[in-house]
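A.B. asks: Fold the stuff below for me.
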Amino acid sequence: MRALVAIVLVCVSTAAPADSTGERQLGEPTPSAIDVISGLYAFSRFQQGLLESTDLKGNTEVKNLAALRAEEAAKRDKALKQIQETIGAEPRVSKAASASASLVEPETSDGPTYVRSFYASQIPEYEAAINLLERYLKAPDNPALAALAREQLPTLRAQVKAAERTMADK
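C.D. replies: Numbers count the residues shown, from 1 in each chain. This next block holds a predicted model:
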C-alpha cells in the first residue's frame with residue numbers, strides 16, 4: 001500500500017511543476033469569477049460531505065478534522081457570498097456526487113480502510129481547487145476574489161500536503 005501511495009505521490013509531484021510554471025494547458029481556459037465561485041462552493045460541499053460521512057463511520061481523528069474543514073468551508077462561503085453579491089452574479093451549481101459517495105462504503109470498510117479512504121478522497125478535490133485558483137490568478141477579473149484566492153492558496157496547499165503525509169502514514 002505504501003508503495004502505491006509513493007508512486008502516486010511521485011506522479012503528482014512530477015506533474016505539478018509544469019502546472020505552476022505559468023504554462024497553459026490546452027482546453028483549460030482562464031476561469032471567470034463565476035467559475036471560481038462555483039468551484040469553491042462545490043469544494044465546500046465536498047468538505048461538508050466529509051463531515052456527514054465521518055458521522056457514520058469515522059473515528060475521533062477524522063471527525064475532528066472534518067469538522068474543522070467544514071468550519072473553514074463555511075467561512076470561505078461567507079466571503080464568497082459577499083463577493084458574489086457585489087458582482088451580482090449567480091454561480092453555477094452542479095449536482096455533483098457527495099463526498100460520502102467517493103469514500104469506501106461503510107459496510108465494506110473497516111476503521112483503517114475508511115481512514116485511508118477519507119484522506120485519499122481529499123487529495124484530488126484539493127488539487128482541483130488549487131488548480132482552479134492558480135489558473136484564475138493568471139488573469140483575475142475581480143480584485144476581491146483575487147485577494148481571497150491568494151489568501152486561500154497557501155492554506156489549501158498546506159492542507160493537501162498534510163492529507164498526503166497522513167495517508168502515507170496510515
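A.B. asks: List the contacts of the residue nearest to the spatial centre of the chain.
C.D. replies: In the chain, the residue lying closest to the centroid (C-alpha atoms, centre = their mean) is Tyr126, at 2.7 Å. Under the criterion of C-beta atoms under 8 Å, 6 or more residues apart in numbering, the neighbours of Tyr126 are 156, 159-160, 163. The C-beta positions use only the backbone N, C-alpha and C, and glycine is treated the same way.
A.B. asks: where does this structure dip in pLDDT?
C.D. replies: Applying pLDDT under 70 to the chain flags the ranges 1-27, 92-110, 170.
A.B. asks: mind checking which helix or strand the nearest residue to Gln159 once chain neighbours are set aside is in?
C.D. replies: With C-beta to C-beta, 6 or more residues apart in numbering as the measure, Tyr126 is the residue that lies nearest to Gln159, at 6.3 Å, once sequence neighbours are left out. In the assignment (DSSP states H and E), Tyr126 maps to helix 111-138.
A.B. asks: Go through that helix and flag the buried ones.
C.D. replies: The neighbour-count criterion (16 or more other C-beta atoms under 10 Å) identifies 114-123, 125-127, 129-133, 135-137 as the buried residues of helix 111-138.
A.B. asks: go on, stretch 63-81?
C.D. replies: 63, 65-66, 69-70, 72-73, 76-77, 79-80.
A.B. asks: Dump the residues you listed into TSV; add secondary structure as well.
C.D. replies: Putting those into TSV (DSSP: H, G, I helix; E, B strand; the rest coil) gives the following:
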residue	secondary structure
Lys63	helix
Leu65	helix
Ala66	helix
Arg69	helix
Ala70	helix
Glu72	helix
Ala73	helix
Arg76	helix
Asp77	helix
Ala79	helix
Leu80	helix
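A.B. asks: Next, format those as TSV and append distance to Ile34.
C.D. replies: Output for the buried residues of stretch 63-81, formatted as TSV (distance: C-beta to C-beta, whole Å):
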residue	distance to Ile34
Lys63	34
Leu65	30
Ala66	28
Arg69	24
Ala70	24
Glu72	22
Ala73	19
Arg76	16
Asp77	15
Ala79	16
Leu80	11
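A.B. asks: out of those, which one sits closest to Leu148?
C.D. replies: Relative to Leu148, the closest of the buried residues of stretch 63-81 is Ala79; by C-beta to C-beta it sits at 5.6 Å.
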